[in-house]
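> Next come a sequence and a model predicted from it.
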Amino acid sequence: MSTANGDRSIIYSSLLYTLGFLLFLEWLYPVEDITDTGSLTIFILYALFCFAISMIQIKWWISFLLKGMGLFIVVNALFIEAKFLGVKWFSVLFGDLFTNVEALFSQQFFQFTPLFRSVLFLLLIWLMSYLLYYWFVIMKRIFLFILLTFIYIAVLDTFTVYDATLPIIRTFILGFLALGIANFMKELRKEAIHFSWLKKTTVWLVPLIVIVFLSTIIGYAAPKFESQWADPVPFIKSKAENAGMSDRGSSIQKVGYGEDDSRLGGSFVQDYTPVFQAAVTDEHYWRIETKDTYTGKGWEASDGPDYQQIANQGTSFRSMFEFENVETEKMEAMIEFQGNTSIKKLIYPYGTSQVFAAGVDYFLDPFTSSIEPRIENEAVVLDNYTISYDNPSFAINELRKADQTTNEDIENPQYTQLPDTLPERVYDLAEEITASYDNRYDKAKAIERYFSTNGFEYQTTDVPVPKANQDYVDQFLFDSKMGYCDNYSTSMVVMLRSLGIPARWTKGFTSGEMIQGEVGGANEETFDIYEVTNANAHSWVEVYFPENGWVPFEPTQGFSNLADFRTEINNDVAQQEEEMMETPDKEEDEAPKPDELPKDVDEDLASASDQSSWDFSWQSITILLLIISLLGYLIYKTRFRWKTHFILMKFRKHPDSKNYQEAYHHLMRVLEHKGLGKKTDETLREYARKIDVRYTTDEMWRLTSQFENILYHQQQNKSVPLEVTQLWKNLIKRIMA
């Protein structure tokens with residue numbers, strides 16, 4: 001009968017732990033929406049693996065090896081292409097870890113590489129698999145974790161793009177089922193009820209399950225009152241805006257280049273960490289990749305990636321731009337990366353024809369125009385390289401001749417793709433803006449100029465995120481009218497496509513800030529040195545013109561198009577165009593430079609520089625004190641468990657009478673801590689019988705007999721039988737469980 005009892009207990013413990021795992025998944029699901037994590041599937045599988053190992057309760061060292069091996073497998077699958085567990089594999093892994101440790105000690109937390117962040121995330125999953133087993137199965141104290149889960153989901157739903165409608169319902173069901181089962185098991189143990197006394201103990205759980213699901217259905221279906229209180233979020237944000245966070249304040253996003261553009265929107269904080277320095281004769285934008293599919297929420301590539309090796313020569317690179325009847329000027333640029341840059345893609349100017357870097361092959365993805373430099377077929381970050389490029393100069397009169405309906409040179413229909421859900425008023429606005437123009441170039445310029453007026457505002461903070469049923473472009477054009485480069489560039493591409501004009505979304509970096517001028521080079525050339533930081537990450541528009549190729553446009557307020565446009569004839573139309581081209585430049589002189597926007601942020605940072613070190617020190621001390629307090633609390637709460645392990649090790653090493661007496665006294669203290677202390681009028685034997693009845697065993701009686709034998713016969717140095725050690729271990733484990 002005891003075997004059946006144990007089996008039934010294992011079933012309930014496993015069910016409780018499974019509910020804990022499902023609740024833990026509610027902490028993982030939002031990560032995909034609020035971070036740049038590509039897919040959570042492999043992390044969820046690793047979590048399932050760790051929780052399964054913790055559930056079967058194998059030896060700790062076997063569990064450690066299995067979970068560690070699983071972590072290595074995940075890291076290998078995601079980041080490392082070398083032979084698994086080979087010398088090069090460990091070299092890549094430890095090299096990356098050492099780099100990130102340096103960033104950690106230099107407090108450059110945003111320089112952590114994806115590999116290092118993923119390792120930390122996997123270690124957290126590993127730790128949680130143990131902690132949840134301890135909380136749910138051993139201690140059965142699960143209310144705090146359930147409460148924190150509700151708070152976590154509610155905060156994310158309030159302040160981020162995450163929609164917690166269904167997660168809240170799931171958490172309610174899982175949480176109350178877990179609470180019910182945990183209390184059911186506690187009552188069985190507290191009242192010393194044997195499972196064998198119940199014909200069908202599962203029947204006890206049926207009312208719990210019915211009540212939880214019935215409450216959920218009624219609560220979901222019942223009518224709800226409208227909100228009676230005002231929305232507190234704007235108030236909270238206004239109070240938190242200047243709450244001493246300085247430039248280290250928390251935010252969902254930090255400016256810089258990233259690959260995932262599927263969910264655009266929201267605020268970001270500036271990051272002036274240098275990415276690279278470039279020696280050039282003329283400033284220009286630096287290109288990385290393009291996206292061609294607008295989803296209503298952001299950008300994706302229609303296909304791929306499909307990287308194909310290309311020859312390191314002009315025709316291979318220039319196919320990305322399709323320049324034909326375009327004048328170009330031969331130029332060179334030298335690029336040197338700074339710090340812990342982890343961009344494994346070529347950063348290049350328009351018209352790139354050749355790259356000079358020893359032993360490197362180049363692979364082009366035709367769907368995104370991104371180029372991967374590879375060494376031995378492994379993508380790498382180049383320390384430095386030189387680019388030869390043909391800087392284009394676009395003739396405005398030639399661009400005006402491109403008939404809007406002539407798209408035969410475009411093979412990819414994705415360049416005019418738009419989602420079916422795009423609101424009709426976006427089409428109407430594009431028609432209204434361009435109604436007075438009859439050619440592609442003037443239509444593009446009209447849309448580009450539209451954003452410089454009409455109430456639009458460049459802003460990186462308090463930028464709203466579109467709701468679940470709201471289009472990203474529609475929300476920017478008609479509701480918020482505030483945002484940064486992603487808002488402006490995406491809106492222009494979408495409006496151009498609504499007119500049937502092929503356009504694509506491009507991202508990379510602006511020219512940066514010149515830090516040194518007229519540096520001597522070969523052939524008596526002089527170069528200007530520009531420093532490009534994460535704050536220079538940018539997106540803009542490219543429009544296709546037959547027989548001219550892809551031409552860049554810049555709709556974002558405060559930014560000027562650095563591409564070269566020229567007029568070849570001096571007539572009234574050309575003169576008007578030249579004036580139109582000069583006007584933004586004059587406005588640009590008055591407007592802050594791209595990497596200075598917004599200006600008041602720089603002034604605030606400068607004025608706060610004297611206090612920044614103290615602010616960080618104060619925050620560090622606070623965090624350190626919190627960590628020490630938490631560790632102290634955990635050590636205090638688990639003091640009996642740790643001391644039990646210590647006494648058991650000591651007892652096993654020296655199983656003599658002296659150590660046995662210490663172990664017996666510790667057992668008495670544990671019982672007292674559990675509310676089962678010995679009364680003053682009880683003898684040891686009476687007390688032992690009471691404990692045996694409570695736990696349905698005879699172990700306390702046998703341990704007490706051994707203790708009295710040692711005590712009354714004064715056998716201080718006599719060895720204690722191994723059986724007694726096992727009895728003590730079994731009983732104290734049962735009590736502490």
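Received, thanks.

> All the helices of the stretch 151-300 of the chain, in order from the start?
In the stretch 151-300 of the chain, the segments counted as helices under DSSP state H, counting those that start in this stretch are 165-190, 205-221, 233-240.

> how about a markdown table for those helices, with distance to Ser480 added?
Every residue, glycine included, has its C-beta placed from N, CA and C. Formatted as a markdown table, the helices of the stretch 151-300 of the chain follow (distance: least, Cβ to Cβ, whole Å):
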| stretch | distance to Ser480 |
| --- | --- |
| helix 165-190 | 23 |
| helix 205-221 | 32 |
| helix 233-240 | 14 |
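
> His673 is nearest to which of the ones you listed?
Closest of these to His673 is helix 165-190, at 15.3 Å (criterion: Cβ to Cβ).

> same for the closest one, what does it pack against?
Here helix 165-190 touches helix 2-28, helix 143-159, helix 205-221, going by 3 or more Cβ pairs under 8 Å, 6 or more residues apart in numbering; DSSP states H and E.

> who are the neighbours in contact with the closest residue to Asp471 other than its chain neighbours?
Sequence neighbours aside, Gly296 is the residue nearest to Asp471 in space, at 4.9 Å (criterion: Cβ to Cβ, 6 or more residues apart in numbering). Shown in contact with Gly296 (Cβ atoms under 8 Å, 6 or more residues apart in numbering): 419, 421-422, 471-472.

> Distance check, Glu336 against Tyr389.
Using Cβ to Cβ, to the nearest Å, we find Glu336 at a distance of 17 Å from Tyr389.

> So which of the two has more stuff around it?
Counting neighbours by other Cβ atoms under 10 Å for Glu336 and for Tyr389 shows that Tyr389 has the greater number, 24 against 14.

> Write down the beta-bridge partners of that one, one by one.
Met331, Thr352 (DSSP bridges).

> still on that earlier bit, and the residue nearest to Asp471, how far is that from Asp261?
Taken as Cβ to Cβ, the span from Gly296 to Asp261 is 13 Å.

> Leu631 now?
Leu631 is 41 Å from Asp261, by Cβ to Cβ.

> Neighbour count: those two, which is higher?
Set Leu631 next to Asp261 and count neighbours by other Cβ under 10 Å: Asp261 wins out with 20 against 10.

> Can you list phi and psi of that one for me?
phi -120, psi 20 (degrees, to the nearest 10).

> how about the strands in the stretch 351-500 of the chain?
352-356, 361-365, 370-375, 378-379, 384-395, 457-458, 482-483 (DSSP state E, counting those that start in this stretch).

> Give me the contact list for the fifth one.
Among residues not part of strand 384-395, those counted as contacts by Cβ under 8 Å, 6+ apart are 282, 284, 314, 318, 321, 323, 326-337, 348-357, 360, 373, 548-549, 551, 563-568.

> One more: the third one?
Strand 370-375 is touched from outside by 288-289, 305, 307, 310, 317, 344-346, 348, 355, 357, 359-365, 379-380, 382, 385, with contacts defined as Cβ under 8 Å, 6+ apart.

> Ok, which of the helices of the stretch 151-300 of the chain comes nearest Ser14?
Nearest to Ser14 among those is helix 165-190; the distance by Cβ to Cβ comes to 10.7 Å.

> picking that back up, are any of the contacts of strand 370-375 buried, and which?
288-289, 307, 310, 317, 345-346, 348, 355, 357, 360, 362-365, 382, 385 (16 or more other Cβ atoms under 10 Å).

> still on that earlier bit, can you lay out the helices of the stretch 151-300 of the chain as CSV showing mean pLDDT, mean neighbour count and distance to Gly20?
CSV is the format used below for the helices of the stretch 151-300 of the chain (pLDDT from 0 to 100; neighbours: other Cβ atoms under 10 Å; distance: least, Cβ to Cβ, whole Å):
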stretch, mean pLDDT, mean neighbour count, distance to Gly20
helix 165-190, 83, 17, 7
helix 205-221, 78, 12, 16
helix 233-240, 50, 11, 31
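
> Tell me which of those helices sits nearest to Ser539.
Per Cβ to Cβ, nearest to Ser539 of the helices of the stretch 151-300 of the chain: helix 233-240, 25.7 Å.

> in this structure, what secondary structure element scores lowest on mean pLDDT?
In the chain, the helix or strand scored least confidently by mean pLDDT, DSSP states H and E is helix 599-607, which has a mean of 40.

> Skipping adjacent residues, who's closest to Arg702 in space?
Leu727 (5.8 Å).

> For the one you found, what are phi and psi?
phi -60, psi -50.

> neighbours around it, how many?
There are 19 residues near Leu727, going by other Cβ under 10 Å.
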